[in-house]
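[1] A structural model of the following input is requested.
(one chain, ligands or ions: 1)
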Amino acid sequence: MEKSNNTVAHQEKVEELESPLELLIKNLPKERNFDGKTIYFYRGFWCPEMAIRGMIAFGKHFQAQDTDLILTSNPKSGTTWLKALMFTIVTRTRYPLTENPVLFTNPHMLVPSFEYNLYNPSLYVEGNRDPRILSTHAPYDVLPTSIKDSKCRIVYICRNPLDQFMSNWHFFAKLPSETHSSIDETFNRFCSGIVFFGPFWDHILGYWKASQEKPDKVLFLKYEDLKEDIVFHTKLLAEFLGFPFSVEEERHGVVEEVSRLCSFENLKDLDINKGPILPGRDKSDFFRKAKVGDWSNYLTPSMVEQMKKLIQEKIEGSGLTFKFS
Ligand code: A3P
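    Coordinates of the predicted model:
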């Protein structure tokens, strides 16, 4: 049926009144994420509705400083862990370890996310103490040029996609079942790249390549490596961030203490990591099992084969490898 002239004129009037930002969002391709919410295809990746405005504002307005430390990740890859570790490493001389804010404040409050917490307003960024420790799930290509061009440092935490998928699945399976898809549908969407901040391979490869080209600028960490030897990686991270442990600190076991303070076992039992964080979300949802290879308890052999084949195709020739167990 053809639209009447009146309808078209009315539509044009409505659009004229909408802000350029709302119009831009309205015209982006959309899909349903597996939590039942809308995700928008923006600059080559799928951005959740809750983050789209913040993400656009972050890209347009954020001015990096050389001292900034930026944590980047795919969701469910160990972001909470790295937030705690980066914060504790950087502030360990400001507070005794037994009084570090990580014991009294949830890591997501200590290291805010650009797209979820800071834009808007951007006040916190301005007020945050030097060095500012900030985080984002934005893919590398989408980062503001000031982050890429300044001397600020980027840490990327990567997790093998089978465990990342399962962690995602459990995170959303906590929601009422009518709001999210079945594990089969979720798996198929994940493998076709339709997942928030995905496709996951583009996200990982973007940071992997950047870390290969600029190792002083981008530190690429793997969740599985940290699980294997956290003390070594805490030291490595501290050096990269420009806050190396002194010989004296090493002798007094400070590296071990920082690693223990930020461990899953310690953080998950703290009161500040329990209780509501967002509507329908509890802080404890960010602390589940923290196991490498937990996927083997849930995925069928054919799902595993399909995902491993896909991963192989995508990372072929990049030099990147994953540990699955
Ligand atoms: P599981 O769901 O496999 O248990 P993110 O912080 O990016 O949302 O990632 C959440 C995942 O990291 C969850 O994985 C969670 O249990 C795990 N995690 C949270 N804190 C951790 C810590 N201190 N050490 C290791 N893993 C941690």
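
[2] C-alpha only now, for contacts and for neighbours.
    OK.

[3] what does the stretch 201-325 of the chain put close to the ligand?
    Residues of the stretch 201-325 of the chain lying close to the ligand (Cα under 6 Å from any ligand atom) are Cys262, Ser263, Phe264, Phe286, Phe287, Arg288, Lys289, Ala290, Lys291.

[4] low-confidence ranges in the chain?
    Where the chain drops to pLDDT under 70, the residues are 1-8, 10-17, 120-128, 177-178.

[5] residues in contact with stretch 292-304?
    Under the criterion Cα atoms under 8 Å, 6 or more residues apart in numbering, residues Leu162, Asp163, Met166, Glu224, Lys227, Phe324, Ser325 lie in contact with stretch 292-304.

[6] can you select the buried ones among the residues of the stretch 201-325 of the chain next to the ligand for me in ChimeraX?
    Buried residues among those (16 or more other Cα atoms under 10 Å), as a ChimeraX selection:
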select :262,263,264,286,287,290
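
[7] got the residues of the stretch 201-325 of the chain next to the ligand as JSON lines, with distance to Lys274 and secondary structure columns?
    Formatted as JSON lines, these follow (distance: Cα to Cα, whole Å; DSSP: H, G, I helix; E, B strand; the rest coil):
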{"residue": "Cys262", "distance to Lys274": "16", "secondary structure": "coil"}
{"residue": "Ser263", "distance to Lys274": "16", "secondary structure": "coil"}
{"residue": "Phe264", "distance to Lys274": "13", "secondary structure": "helix"}
{"residue": "Phe286", "distance to Lys274": "9", "secondary structure": "helix"}
{"residue": "Phe287", "distance to Lys274": "9", "secondary structure": "coil"}
{"residue": "Arg288", "distance to Lys274": "12", "secondary structure": "coil"}
{"residue": "Lys289", "distance to Lys274": "15", "secondary structure": "coil"}
{"residue": "Ala290", "distance to Lys274": "16", "secondary structure": "coil"}
{"residue": "Lys291", "distance to Lys274": "20", "secondary structure": "coil"}
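
[8] right, and the ligand sits closest to which residue of the stretch 101-250 of the chain?
    Ser167 (3.7 Å; Cα to the nearest ligand atom).

[9] now do the helices in the stretch 51-200 of the chain.
    In the stretch 51-200 of the chain, the helices defined using DSSP state H, counting those that start in this stretch lie at 79-91, 107-110, 123-127, 145-149, 161-173, 183-191, 200-213.

[10] what lies in contact with the shortest one?
    Counting by Cα under 8 Å, 6+ apart, the neighbours of helix 107-110 from elsewhere in the structure are Thr80, Trp81, Lys83, Ala84, Phe87, Pro101, Val102.

[11] can you put the residues you listed in JSON lines and add neighbour count and distance to Ser135?
    Formatted as JSON lines, the contacts of helix 107-110 follow (neighbours: other Cα atoms under 10 Å; distance: Cα to Cα, whole Å):
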{"residue": "Thr80", "neighbour count": "19", "distance to Ser135": "10"}
{"residue": "Trp81", "neighbour count": "20", "distance to Ser135": "12"}
{"residue": "Lys83", "neighbour count": "25", "distance to Ser135": "8"}
{"residue": "Ala84", "neighbour count": "25", "distance to Ser135": "12"}
{"residue": "Phe87", "neighbour count": "21", "distance to Ser135": "11"}
{"residue": "Pro101", "neighbour count": "18", "distance to Ser135": "18"}
{"residue": "Val102", "neighbour count": "24", "distance to Ser135": "16"}
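
[12] run through the residues of the stretch 51-200 of the chain sitting next to the ligand.
    Pro75, Lys76, Ser77, Gly78, Thr79, Thr80, Trp81, Ser167.

[13] strands along this protein, start to end?
    For the chain, the strands defined by DSSP state E occupy 30-32, 38-42, 45-48, 69-73, 133-136, 153-158, 218-222, 276-278, 281-282.

[14] hey, C-alpha coordinates of the third one in CSV?
    The C-alpha trace of strand 45-48 is given here as CSV (Å, rounded to 0.1, in the frame of the first residue of the first chain):
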residue,chain,number,x,y,z
PHE,A,45,30.8,-4.6,14.9
TRP,A,46,27.6,-5.4,16.8
CYS,A,47,27.0,-2.9,19.5
PRO,A,48,24.4,-3.4,22.3
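
[15] elements contacting it?
    Here strand 45-48 touches strand 38-42, going by 3 or more Cα pairs under 8 Å, 6 or more residues apart in numbering; DSSP states H and E.

[16] and the strand it packs on, what's buried?
    Thr38, Ile39, Tyr40, Phe41, Tyr42.

[17] list the buried residues for stretch 153-173?
    For stretch 153-173, by 16+ other Cα under 10 Å, it's 153-169, 171-173.

[18] how about the nearest residue to Asp285, chain neighbours excluded?
    For Asp285, ignoring the flanking residues on the chain, the nearest one in space by Cα to Cα, 6 or more residues apart in numbering is Phe171 at 6.5 Å.

[19] right, and Leu226 touches Lys235 too?
    No - at 11.0 Å, Leu226 and Lys235 do not qualify as touching, with contact defined as Cα atoms under 8 Å.
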